[in-house]
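**Student:** how would this look folded up:
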Amino acid sequence: MAEVPNEAPEFVTVGDGPKARRIAVRRRAGDGPPLVWLGGFRSDMGATKAMTLDDWAARHGRALVRFDYTGHGESEGVFAQATISTWLADARAVIAAHASERPILVGSSMGGWIACLLARALARDGLPAPSGLVLIAPALDFTDTLMWTRFTPEIRETIERTGAWMRPSQYDPNPVPITRDLIADGRTHNLLGAPFDPGCPVHILQGMDDPDVPYTHALKVVECLPAAGTILTLIADGDHRLSRPQDLARLLGAVAEI
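**Tutor:** I've put the predicted structure just below:
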């Protein structure tokens, strides 16, 4: 079922009252465990890796779900008012509505953290684990370990005093608001430093030339996962996006293997 260009997305409503927002979703019918794309911080479901996965799903008759988090892409909500809890709730609602039967979670950067949090939430709720996780430069705990601990005292003081710091981005012409709420909420979801079993195979793809999520961060993630069923692929000249043809081929190979 090929996607029609410019076709309007479906929407899933998350939250109640004034906090309710409509989350934009695009689905592809198919067989097997549904693939769920979990994008990165400030990314959307039309990004290169998401569309590559969608094309692969179309060619192989596989079910696929893509969506935009609150404040991202075609979804409602204000980015600066959202947190990791917000985006995790979005992902849980979309999966419950459209991919409840042991999905394969494919998460990029922040999406890798969301994928792991989803696996933990399923286990806590007594629900079946995902069929597998494919994580691209997984940025677990990034609000703390890759943001707060790297910020200068001046930046920290600005966030504490004003509630936000506008961070310049090499991926976006507009600065990105890093809020006090985002940092504080992120700490409630930290996973690193303790064993974590998602209950399924995990394949991590990590560039060693990644300035945003260093490959040493991926090693910390691996240390928390069970040795059995965990694969780490290090790409010596790979950057954070891992969107070159050879990187996309590795992504599709990891998905196909699971």
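
**Student:** mean confidence for stretch 16-32?
**Tutor:** Average pLDDT, stretch 16-32: 95.

**Student:** just stretch 80-93 next, same as before
**Tutor:** 98.

**Student:** contacts for it?
**Tutor:** Applying Cβ atoms under 8 Å, 6 or more residues apart in numbering, the contact partners of stretch 80-93 are 12-15, 23, 36, 38, 67, 69-71, 75, 77, 110, 113-114, 117-118, 121, 143, 164, 177, 179, 181-182, 185-186, 188-189. In short, each C-beta sits where N, CA and C put it, glycine included.

**Student:** of the residues you listed, just the buried ones, ChimeraX syntax please.
**Tutor:** Applying 16 or more other Cβ atoms under 10 Å to those, the buried members can be selected in ChimeraX as follows:
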select :12,14,15,23,36,38,67,69,70,71,75,77,110,113,114,117,118,143,164,177,179,181,182,185,186,189
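
**Student:** could you pull out the strands for this protein?
**Tutor:** Secondary structure of the chain by DSSP state E: the strands cover 10-14, 21-28, 31-38, 62-67, 104-108, 132-136, 164-167, 176-179, 202-207, 230-235.

**Student:** what's the fourth one packed up against?
**Tutor:** Using 3 or more Cβ pairs under 8 Å, 6 or more residues apart in numbering; DSSP states H and E as the contact test, the elements touching strand 62-67 are strand 21-28, strand 31-38, helix 48-60, helix 84-98.

**Student:** got those as TSV, with distance to residue 238 columns?
**Tutor:** Below are these laid out as TSV (distance: least, Cβ to Cβ, whole Å):
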stretch	distance to residue 238
strand 21-28	27
strand 31-38	19
helix 48-60	13
helix 84-98	25
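
**Student:** out of these, nearest to residue 230?
**Tutor:** strand 31-38 (18.4 Å; Cβ to Cβ).

**Student:** and that closest one with helix 48-60, angle?
**Tutor:** Orientation of strand 31-38 against helix 48-60 (axes from the mean of the first three to the mean of the last three Cα atoms, to 10 degrees) gives an angle of 170 degrees.

**Student:** strand partners (parallel or antiparallel) of strand 31-38?
**Tutor:** Sheet pairing for strand 31-38, assigned by DSSP bridges, gives strand 62-67 (parallel), strand 104-108 (parallel).

**Student:** report the buried residues of that strand.
**Tutor:** Across strand 31-38, burial judged by 16+ other Cβ under 10 Å covers 33, 34, 35, 36, 37, 38.

**Student:** any idea what the fifth one is bridged to?
**Tutor:** Looking back up the chat, that one is residue 37. Judged by DSSP bridges, the bridge partners of residue 37 are residue 106.
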